[in-house]
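Asks: show me the folded form of this:
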Amino acid sequence: MSSGKLPRPEAVKEILIWHQGALGDLLLAGPALLALRRHYPQARITALGQPQLWSLLSPTLFLEAIWDSAAAAWTPLFLADAPLPPVLQERLAPFQLALVFSPRPHPALLARLAEAGITAVHWLPSFPAAGQDAVGTVLAAALARLGVAPVAASFRLLLGADWLDQAPQLSGSGPFLAVAPGSGQKLKNWPLAHYYEATRSLAWQHGLQIIWLAGPAEEPILPYLQGLAAAQDHLLLANLPLTAVAATLARCRLYLGGDSGLTHLAAALGVPGVLALFGPTDPRVWAPRGKGVRVLEAPCPQAPCAAGREISCPEPRCLQDLTVEQVLATAAAMLQGG
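Replies: Coordinates of the predicted model:
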């Protein structure tokens, strides 16, 4: 792993950025990634990670290419005793700088990237090691030590030119409320019955048109969501490409969801009102940032109780006790500009 400052901008033509994290983690790194892009305005950046996630950042960061980190071609980088295949060395040879985002440093991986001929290889922490510092704060401090100035404004994603073509047509003129009831960890989810009550009231009291968003994590509850949407004349969008989800969110006035990647996506797109519901995980560390973001925390003296991302509670009682009335009052204030 390289030490000291990053190379001067004029010395770098090709940058490799390695980030395999989930959607929320990648978007929390957005300000740091944008700071790197501004520090190296002329460099070509190749992203290595989950292509569907990185595609959301491509227009904002002007990415040259996106490579899939799950491909078998990268396996030799983790095998310290085997020689690097010539084809892999050839693929990595054009890069002068590699930046690896991960929860903990991987000395073997960093050494192998240097062995491939990349002259500057640096690790950046994608999670805080401990404490209550926000992910963005941790990354900004790490970049400052490397000589990169932070971005002053809030991080905003730019929409791709073809994303609107991928998104479904929305009937009616809105205003639209997007609701994402799930996440990759069910213990972070507000009860579905609460979502049902809240959406019914928000549609009736404020004239909102409801859009339910569901992905692979919501597969077990998809039949329920289908019945709920049909009975209430709501729109259900399931398993759309994330770029199409982004184009849909960009048309919404309000968003309601928990500690999930879609909540971070709504905030990064600048949805005017993003209401994020937090229980066992710590919003000081994991909440999205943005002018329109409001966080409601579960009324539990033990919350947040997660150790990092590990949740030990057998059931999300804290989120069950976060009442529909609290959510409705906050949503009403947000809609009124409060």
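
Asks: for the helix or strand where Ala329 lies, buried residues please.
Replies: Element membership for Ala329 (DSSP states H and E) is helix 324-335. By neighbour count on 16 or more other Cβ atoms under 10 Å, the buried set for helix 324-335 is Val324, Val327, Leu328, Thr330, Ala331, Met334, Leu335. Heads up, the C-betas are built off the backbone N, CA and C, glycines and all.

Asks: ditto for stretch 119-133
Replies: Ala120, Val121, His122, Trp123, Leu124, Pro125, Ser126, Phe127, Pro128.

Asks: hmm, who's touching the least confident helix or strand in the chain by mean pLDDT?
Replies: Scoring the helices and strands of the chain by mean pLDDT, DSSP states H and E places helix 317-320 at the bottom, with a mean of 85. The contact list for helix 317-320 (Cβ atoms under 8 Å, 6 or more residues apart in numbering) reads 188-191, 194, 258, 277, 279-280, 298-300, 302-303, 305.

Asks: tell me what the lengthiest helix in the chain is packed against?
Replies: Assignment by DSSP state H gives helix 192-206 as the longest helix of the chain. Identification of packing neighbours for helix 192-206 by 3 or more Cβ pairs under 8 Å, 6 or more residues apart in numbering; DSSP states H and E yields strand 176-180, strand 209-214, helix 222-232, strand 254-258, helix 324-335.

Asks: how is this protein partitioned into domains?
Replies: What automatic domain parsing lists as the domains of the chain is 9-145, 171-335.

Asks: hey, least reliable of those domains by pLDDT?
Replies: Per-stretch mean pLDDT for the domains of the chain is lowest at domain 171-335 (a mean of 91).

Asks: related to what we said a few turns ago, looking at the buried residues of stretch 119-133, which is nearest Ala167?
Replies: For the buried residues of stretch 119-133, the closest approach to Ala167 (Cβ to Cβ) belongs to Ser126, at 29.2 Å.

Asks: name the SS class of the closest residue to that closest one other than its chain neighbours, please.
Replies: Leaving aside its sequence neighbours, Ser126 sits nearest to Phe101 (Cβ to Cβ, 6 or more residues apart in numbering; 4.4 Å). Using DSSP: H, G, I helix; E, B strand; the rest coil, the structure places Phe101 in strand.
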